[in-house]
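J.: next come a sequence and a model predicted from it.
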Amino acid sequence: MSDDGYTLAEAMAALVMVGLAIGGIAQASFMFGKLSRAAVGQAVVGGRLDRAQTDLAGFMSQAGPVVDEAASGFDGAERTLAFDCGDDRCSAELASASGQTRLILRQRGRRAMIRALGDRARARFVYLDERGVQPRWPSGQAAAPRPVALRAVALVDGDVPLAVAPVWARQPATCGFDSISGDCRPVSP
């Protein structure tokens, strides 16, 4: 710098430094926005799955106990399940449209409850019992020496569990509990 002011080279260097600083601030703001959008997206997905978990657990609290027999009235497949709930049938299904999957729960005397699960094309129901994970219920396996009770219904995407709902395992009020077999017997009038 001279007494007459800045030289052209010094002025150009100062402008380049100011431009780089503004560019750096803009890039940092862009990255912060991108990370914020990703975090909000994860929170939305987590909220959807939390609501699906709560709704599925409440829905399955109306079923049970469910044993691996045709008399249980429970039919479970990969994309649908249904069971007797009072004088009606309760059902759940996974419906996919436009790359989005929805959990649709139909309960007696209520409107259908629909929960968006997002892009979950491989979502399906699986059924858990003491033998392990079953793709359908009744399982269709060879008859066990004693009835096998359904323990839980899980909503999975591939191998990742999205929601797990326990099945009511207490015995019905008309149960004559057999302590040796650990099962409920019909009560004679």
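T.: Structure received.
J.: out of everything not next to it in sequence, what's closest to Pro147?
T.: Residue nearest to Pro147 in three dimensions, not counting chain neighbours: Val67, with 4.0 Å by Cβ to Cβ, 6 or more residues apart in numbering. Heads up, the C-betas are built off the backbone N, CA and C, glycines and all.
J.: and Pro172, what pLDDT?
T.: With respect to pLDDT, Pro172 has a value of 54.
J.: which strands border the lengthiest strand in the chain, and is each parallel or antiparallel?
T.: Counting residues, the longest strand found in the chain (DSSP state E) is strand 88-97. Here strand 88-97 has these sheet partners by DSSP bridges: strand 80-85 (antiparallel), strand 100-106 (antiparallel).
J.: ok, how many other residues are close to Trp121?
T.: One thing to correct before we go on: residue 121 is Ala, not Trp. For Ala121, the neighbour count with other Cβ atoms under 10 Å is 10.
J.: got a list of what it touches?
T.: 96, 99, 101 (Cβ atoms under 8 Å, 6 or more residues apart in numbering).
J.: by neighbours, which of these wins?
T.: Neighbour max across the contacts of Ala121 (other Cβ under 10 Å) = Thr101, 22 neighbours.
J.: which residues of the protein fall in helices?
T.: Along the chain, counting by DSSP state H, helices occupy 8-60.
J.: sketch out the low-pLDDT regions of it for me.
T.: Across the chain, residues meeting the criterion (pLDDT under 70) sit at 1-3, 64, 68-72, 109, 139-146, 169-175, 187-189.
J.: quick one: closest of the strands paired with strand 88-97 to Arg48.
T.: Closest to Arg48 of those is strand 100-106 (Cβ to Cβ; 9.5 Å).
J.: what does that closest one rub up against?
T.: By Cβ under 8 Å, 6+ apart, strand 100-106 touches 52, 55-56, 59, 90-96, 112-121, 123, 155.
J.: re earlier: tell me which of the strands paired with strand 88-97 sits nearest to Gly176.
T.: Checked against Cβ to Cβ, the stretch from these lying closest is strand 80-85, at 21.0 Å.
J.: burial measure for Leu15, as a count.
T.: Using other Cβ under 10 Å, Leu15 has 10 other residues around it.
J.: show me the contacts for it.
T.: Contacts of Leu15 (Cβ under 8 Å, 6+ apart): none.
J.: so Glu78 makes contact with Arg136?
T.: Yes. Counting by Cβ atoms under 8 Å, Glu78 does reach Arg136; the two are 7.0 Å apart.
J.: who's in contact with Pro161?
T.: The contact partners of Pro161, by Cβ under 8 Å, 6+ apart, come to 154-155.
J.: let's see that with 6 Å instead.
T.: Residues near Pro161 by Cβ atoms under 6 Å, 6 or more residues apart in numbering: Ala154.
J.: how much space between it and Ala154?
T.: Counting by Cβ to Cβ, to the nearest Å, the separation of Pro161 from Ala154 is 5 Å.
J.: swap in Pro147?
T.: Distance of Pro147 to Ala154, computed by Cβ to Cβ: 21 Å.
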